[in-house]
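> Sharing a model that was predicted from the sequence below.
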Amino acid sequence: MTGADRRAWVEQVMGLPVSVHLRGPRVRTEAVVRRVDRVFAELRRADAVFSTYRPDSELGRLGGAPPDPAGTAHPLLREVAALCETARARTGGWFDARHLPLPLGGTGFDPSGLVKGWAVARAARHLTDLAEHDLCLNAGGDVLLRAAPDRPPWRVGVEDPDRPDRMLDVVERADGAVATSGTARRGAHITDPRAGRPAGAVRSVTVVGPDLLWADVYATAAVARGPQALDWLSTLDGYAALLVDAAGRVRVTPDWPGARFPSRRGPGRAGSGARVAVSSA
């Protein structure tokens, strides 16, 4: 592809940089630009509902209380609260949005560990019918990917949490998601729900799989669970993971598709797609 076949947009939304990368024949048309504008507008709407830093957000108005499923809370709040309960069940309680420290003080309901992946996947719907365009949507380490079968896959670099200028590995994905959670950027901000304190035994976990929301949830739950989470991650159908423990040791699940730690099922497809760095959020 020529340079004219690629275009990128970056905005600060939800307290983090969000980038949209498109490859295709008409990435510079006004019709495509309008679609991208809708993506960012959707994310800003999500922030207005779910921001834990704004007392005037829909979530902030609840003051840490979970929304009543039968009450008058914003419908998106009720939807996400239900997803958080599903996530708690799927992770054996290691993802738990209840009783968390809140940025504005106190403890209470905080769905932030699920909201980002959910919001990105929801916003990406404005671009999903652009079948002739490849998509990479990166929100602070939560990455949604799509590439046509005749195009090179995207190459996603996984940052070393102790040396952000160094890549631990590179994975090639034509479709699906890559999500990273950890302590590199925001410190120990993920709570161990059983101990009731910040989890610090894992530096970062990167999960690849078909669905961004669940890749994000599984990465967050794995950080809370600790190094032993790798055995649990290995049982998740369709998902693979790379884990860096507090001592800097790197381990992967058997089907990890990286270049440095190749899958035991065989090498990945070669490609020359643009590399997108993924950091621990």
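Received, thanks. In this text, all values refer to a predicted model and were calculated from it rather than measured experimentally. Residues are numbered from 1 along each chain as shown.
> can we go C-alpha only for contacts and neighbour counts from here?
OK.
> Do a quick rundown of the strands in the stretch 101-250 of the chain.
Ranges of strands in the stretch 101-250 of the chain, per DSSP state E, counting those that start in this stretch, are 107-108, 134-139, 142-146, 154-160, 163-173, 175-182, 191-192, 197-198, 202-209, 240-245, 250-252.
> by contact count, what packs against the fifth one?
What it means is strand 163-173. Counting contacts by 3 or more CA pairs under 8 Å, 6 or more residues apart in numbering; DSSP states H and E, strand 163-173 is packed against strand 154-160.
> residues of the strand it packs on that come out buried?
154-160 (16 or more other CA atoms under 10 Å).
> on that earlier part again, how about the strands of the stretch 101-250 of the chain, which one is nearest Asp96?
When the strands of the stretch 101-250 of the chain are compared by CA to CA, strand 191-192 sits nearest Asp96, at 8.7 Å.
> Any chance you could list what contacts that closest one?
Strand 191-192 has contacts (CA atoms under 8 Å, 6 or more residues apart in numbering) with 94, 100, 197-199, 224-225.
> Report the strands that pair with it, each with its relative direction.
strand 197-198 (antiparallel) (DSSP bridges).
> Can you flag which of the contacts of strand 191-192 belong to helices?
224-225 (DSSP state H).
> and the strands of the stretch 101-250 of the chain as JSON lines, adding distance to Val10 and mean pLDDT?
Output for the strands of the stretch 101-250 of the chain, formatted as JSON lines (distance: least, CA to CA, whole Å; pLDDT from 0 to 100):
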{"stretch": "strand 107-108", "distance to Val10": "32", "mean pLDDT": "96"}
{"stretch": "strand 134-139", "distance to Val10": "9", "mean pLDDT": "96"}
{"stretch": "strand 142-146", "distance to Val10": "14", "mean pLDDT": "96"}
{"stretch": "strand 154-160", "distance to Val10": "17", "mean pLDDT": "94"}
{"stretch": "strand 163-173", "distance to Val10": "20", "mean pLDDT": "92"}
{"stretch": "strand 175-182", "distance to Val10": "18", "mean pLDDT": "95"}
{"stretch": "strand 191-192", "distance to Val10": "30", "mean pLDDT": "93"}
{"stretch": "strand 197-198", "distance to Val10": "31", "mean pLDDT": "90"}
{"stretch": "strand 202-209", "distance to Val10": "22", "mean pLDDT": "97"}
{"stretch": "strand 240-245", "distance to Val10": "27", "mean pLDDT": "97"}
{"stretch": "strand 250-252", "distance to Val10": "31", "mean pLDDT": "95"}
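> who wins for proximity to Gly117 among those strands?
Per CA to CA, nearest to Gly117 of the strands of the stretch 101-250 of the chain: strand 142-146, 6.4 Å.
> chain center to the closest one: distance?
8 Å (CA atoms, centre = their mean, to the nearest Å).
> Equivalent analysis for stretch 221-240, please.
Chain-centre distance of stretch 221-240: 15 Å, with CA atoms, centre = their mean.
> Now do that stretch: everything it contacts.
91, 94-95, 181-182, 190-193, 198-205, 207-210, 215, 218, 241, 243, 245, 251-257.
> tell me which residues in it are buried?
221-227, 229-230, 233-234, 239-240.
> now do stretch 53-60
54, 57-60.
> With stretch 46-54 instead?
Within stretch 46-54, judged by 16+ other CA under 10 Å, the buried ones are 46-52, 54.
> Off-centre distance for it?
Counting by CA atoms, centre = their mean, stretch 46-54 comes out at 17 Å from the chain centroid.
> returning to that earlier point: restricted to helices, list the buried residues of stretch 46-54.
Per DSSP H, the buried residues of stretch 46-54 map to helices at 46-50.
> how about TSV for those residues, with pLDDT and distance to Val33 added?
Output for these, formatted as TSV (pLDDT from 0 to 100; distance: CA to CA, whole Å):
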residue	pLDDT	distance to Val33
Ala46	97	20
Asp47	96	21
Ala48	96	23
Val49	97	25
Phe50	97	26
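> Which member of the residues you listed is positioned nearest Glu132?
Closest to Glu132, out of all of those and judged by CA to CA, is Ala46, at 27.5 Å.
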